[in-house]
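S.K.: Predicted model follows, preceded by the sequence.
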2 protein chains.
Amino acid sequence: MSPQALVFDAYGTLYDVHSVVRRCDEFWPGKGAALSQLWRAKQLEYTWQRSLMRRYVPFSQVTREALAYACEALKFALDGATEDALMQEYLKLAAYPDVPGAQARFKLKQAILSNGSPDMLEPLVRHSGLRFDAVLSVDELKVYKPAPEVYQLAVDRLGVAKEAVAFVSSNCWDALGAKAFGFTVFWIDRAKAPVDRLGLRPDRIVGGLDEVLL
Amino acid sequence: MSPQALVFDAYGTLYDVHSVVRRCDEFWPGKGAALSQLWRAKQLEYTWQRSLMRRYVPFSQVTREALAYACEALKFALDGATEDALMQEYLKLAAYPDVPGAQARFKLKQAILSNGSPDMLEPLVRHSGLRFDAVLSVDELKVYKPAPEVYQLAVDRLGVAKEAVAFVSSNCWDALGAKAFGFTVFWIDRAKAPVDRLGLRPDRIVGGLDEVLL
C-alpha cells in the first residue's frame, strides 16, 4: 500500500534535544554535554519504568525529575530558577536544519506522534514555526513509547490504515516499536549508532530527513 | 505486619554483574569496564522496551543481543567463541562478599525474584553454593521488572501477604517498582547513586546486605 501519512517522532528527530547543551554550559561551564546526556538517558528510562509500573506522569514531570536526578548524580547544585530556565529551553529546541526543506517536499498528511505532553509539545511546535496536520501526544493514553497503543493512536486519529503509515524516528527503539506495530519505518541514524537488537530491522536507514524518499 | 519472607533481586544485588569486567579485559585489554557498562545498560533497556512492545524473549537472549550491540558500538570484533565465553561468565558471577554471612543471620523464608531466565539463573545459583527456599523467574510471566505482576509472582508462590514481604535490590528502579506494588523495600546503594526520581522512596537505604535488619 502506498503511504498516505507521514508520522514523525519529535524529540531527537525533528528537534535537537542536545541544543540544551549550550544552556547547560552557561550554568556549568564545560559540563553541559555530560549533563545533557545523563538528563536525556534518565528521561527515557523513567518513561519506560513508569509505563511498566503503571505510574504514568506527564513528560514535563518526567523531564523535570530526570534533570533533578542528573544534577544530583553529577553533584551540580540546582536551584528553582536554574531548573525553570533549563525546562524553558525544552520549549524552544532548535529544529534540525534538514527539516523545513524536507517537509516542503512531502505531499502527504504530516503528523507528530510524541512522548511529549501538550504543555511541552504545543509551545515547542508553535515556537519552531513548523506546521503539521496533527500533533499527537501519548498523554491521552497514559503510557509511553514503544507500547503498541501509542502507534495505534496515529492510525485512529489520522484515519489511515497502519500499512499506509510511514514513520520516521531517530530513536532506533522507537522506530522498531513502530515496525513491530506494522508501520513502514525510516530510522534517521543521526548518531551513527548500531541498529538496536530488538529482533527487527528498520525498512530504511537514512542520514537525515532529506533522505526520506516516498 | 512483621516480615515473613525476604525476597532478593539477583543481578547486581547478590551477584556482581561487573565481575565480567575481568573477562572482558582479557579479550579487549583496558576496555573491559567500558564494555561491561554498555552491555549492562543495553541489557536493561531491552528488557523495558521489549516488555512495552510485548515482544518478550528470555533474559539469556536479551543479554546476548545487548552484548552484540555493545561490541558493535565500541567497534570490537565479536566472534562466536568470544560471545560464548562471555555469556558463560554470567553463569558463574561472583556473589558479593557480604551475602553469605547476612543470609546465615536471616531467620525467614528467602527467595530470589529475578529477570533471569532459568537457563541462566539455575546454573548461577548452583555454582554460587547459596541456598534459597525459592528461585523465581519472570520467564513464566513473559514480562520484565518493574511490572507489578512480577512482584505479585513472589506473593503467589511464597504464599505470604505483600505486606509481609521485605524486598532487597541494588537497582533503585526495581526497589521502587516493588515499593509501588506494596513491599517493604531495602535499596542497597552499592554505587553511591542518587535515589531515582519515580515518585517513591525506598523504606531503607543500606550499604550492603549485612546492613539489612529485620
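M.R.: Cool, got the structure. Numbering: from 1, shown residues only, chains lettered A, B, ... in the order given.
S.K.: Quick check: what element follows the lengthiest helix in chain A along the chain?
M.R.: The single longest helix within chain A, with elements called by DSSP state H, is helix A:32-53. Sequence-wise, the next helix or strand downstream of helix A:32-53 (DSSP states H and E) is helix A:59-74.
S.K.: and the helix or strand bottoming out on mean pLDDT in chain A, what does it pack onto?
M.R.: Ranked by mean pLDDT, DSSP states H and E, the helix or strand of chain A with the weakest confidence is helix A:20-27, at a mean of 90. Judged by 3 or more C-beta pairs under 8 Å, 6 or more residues apart in numbering or on different chains; DSSP states H and E, helix A:20-27 is in contact with helix A:32-53, helix A:80-89. Where C-beta positions appear, they are placed from N, C-alpha and C, glycine not excepted.
S.K.: For chain A, which residues score under the pLDDT cut-off?
M.R.: Applying pLDDT under 70 to chain A picks out no residues at all.
S.K.: Let me see the domain layout of chain A.
M.R.: Chain A resolves into domains spanning A:5-15+A:95-211, A:17-89 when parsed by automatic domain parsing.
S.K.: quick revisit: the longest helix of chain A to helix B:32-53, inter-axis angle?
M.R.: With axes from the mean of the first three to the mean of the last three C-alpha atoms, to 10 degrees defining the directions, helix A:32-53 sits at 40 degrees from helix B:32-53.
S.K.: Near chain B, which residues of chain A are found?
M.R.: Contacts of chain A with chain B, taken as C-beta under 8 Å from any C-beta of the partner chain, map to A:42, A:45-46, A:48-55, A:57, A:65-66, A:68-69, A:72-73, A:143-148, A:173, A:176-177, A:180, A:193-194, A:196-199.
S.K.: Buried by neighbour count, from the residues you listed: which ones?
M.R.: Among these, those classed as buried by 16 or more other C-beta atoms under 10 Å in any protein chain shown are A:42, A:45-46, A:48-53, A:55, A:57, A:65-66, A:68-69, A:73, A:143-148, A:173, A:176-177, A:180, A:194, A:196-198.
S.K.: what's the burial count for A:G116?
M.R.: Using other C-beta atoms under 10 Å in any protein chain shown, A:G116 is surrounded by 26 other residues.
S.K.: three-state assignment of it?
M.R.: Look at A:G116: counting by DSSP: H, G, I helix; E, B strand; the rest coil, its state is coil.
S.K.: from memory it sits against A:T47, does it?
M.R.: No: the criterion here is C-beta atoms under 8 Å, and A:G116 misses it with A:T47 at 10.6 Å.
S.K.: which residues are common contacts for the two?
M.R.: Taking C-beta atoms under 8 Å, 6 or more residues apart in numbering or on different chains as the criterion, A:G116 and A:T47 both touch A:F59.
S.K.: so what's A:R22 up against?
M.R.: A:G32.
S.K.: Likewise for A:H127?
M.R.: A:L91, A:K92.
S.K.: Could I get the buried residue list for the helix or strand where it lies?
M.R.: Assigned by DSSP H and E, A:H127 belongs to helix A:118-128. In terms of neighbour count (16+ other C-beta under 10 Å), helix A:118-128 has its buried residues at A:M120, A:L121, A:L124, A:V125, A:S128.
S.K.: ok, now stretch A:102-110?
M.R.: A:A102, A:Q103, A:L108, A:K109, A:Q110.
S.K.: In strands, which of those residues fall?
M.R.: Counting by DSSP state E, the buried residues of stretch A:102-110 place A:K109, A:Q110 in strands.
S.K.: now, which of the buried residues of stretch A:102-110 sits nearest A:D156?
M.R.: Proximity of these to A:D156 (C-beta to C-beta) peaks at A:K109, which lies at 13.9 Å.
S.K.: what sits against that closest one?
M.R.: Listed by C-beta under 8 Å, 6+ apart, the contact partners of A:K109 are A:Q4, A:A5, A:L6, A:D133, A:A134, A:L158, A:V160.
S.K.: Could you rerun that using 6 Å?
M.R.: Contacts of A:K109 were listed using C-beta atoms under 6 Å, 6 or more residues apart in numbering or on different chains, and they are A:A5, A:D133.
S.K.: Which strand residues bridge it?
M.R.: Counting by DSSP bridges, A:K109 forms beta bridges with A:A5.
S.K.: contacts for stretch A:155-175?
M.R.: Around stretch A:155-175, the neighbours that count as contacts under C-beta under 6 Å, 6+ apart are A:1, A:3-9, A:12-13, A:111, A:134, A:136, A:145-146, A:178, A:182-188, A:190, A:196, A:202, A:212, B:49.
S.K.: Any buried residues in that stretch, and which?
M.R.: For stretch A:155-175, a neighbour-count test (16+ other C-beta under 10 Å) marks A:155, A:158, A:160, A:162, A:164-175 as buried.
S.K.: part of a helix, is A:V168?
M.R.: No: counting by three-state DSSP, A:V168 is not found in a helix; it is strand.
S.K.: Give me the number of neighbouring residues for the nearest residue to it once chain neighbours are set aside.
M.R.: Spatial nearest neighbour of A:V168, excluding adjacent residues (C-beta to C-beta, 6 or more residues apart in numbering or on different chains): A:F186 at 4.6 Å. The local packing of A:F186 (other C-beta under 10 Å) involves 26 other residues.
S.K.: What's opposite A:F186 in the beta bridge?
M.R.: Under the criterion used (DSSP bridges), A:F186 bridges to A:V168, A:R204.
S.K.: My guess is it contacts A:R201. True?
M.R.: No: under the criterion of C-beta atoms under 6 Å, A:F186 makes no contact with A:R201, lying 11.9 Å away.
S.K.: just to revisit the earlier point, adding distance to A:G207 as columns, could you present the buried residues of stretch A:102-110 in JSON lines?
M.R.: Shown next, in JSON lines, are the buried residues of stretch A:102-110 (distance: C-beta to C-beta, whole Å):
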{"residue": "A:A102", "distance to A:G207": "12"}
{"residue": "A:Q103", "distance to A:G207": "17"}
{"residue": "A:L108", "distance to A:G207": "21"}
{"residue": "A:K109", "distance to A:G207": "24"}
{"residue": "A:Q110", "distance to A:G207": "20"}
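S.K.: with the buried residues of stretch A:102-110 in mind, which one is nearest to B:A34?
M.R.: A:A102 (35.7 Å).
S.K.: pretty sure that closest one contacts A:D210?
M.R.: Yes: using C-beta under 6 Å, A:A102 makes contact with A:D210 at a distance of 4.9 Å.
S.K.: For A:R23, find the nearest of the helices and strands packed on helix A:20-27.
M.R.: So among these, helix A:80-89 is nearest, using C-beta to C-beta, at 4.7 Å.
S.K.: What helices and strands are in contact with the closest one?
M.R.: When contacts are defined as 3 or more C-beta pairs under 6 Å, 6 or more residues apart in numbering or on different chains; DSSP states H and E, helix A:80-89 packs onto helix A:20-27.
S.K.: That'll do, ta.
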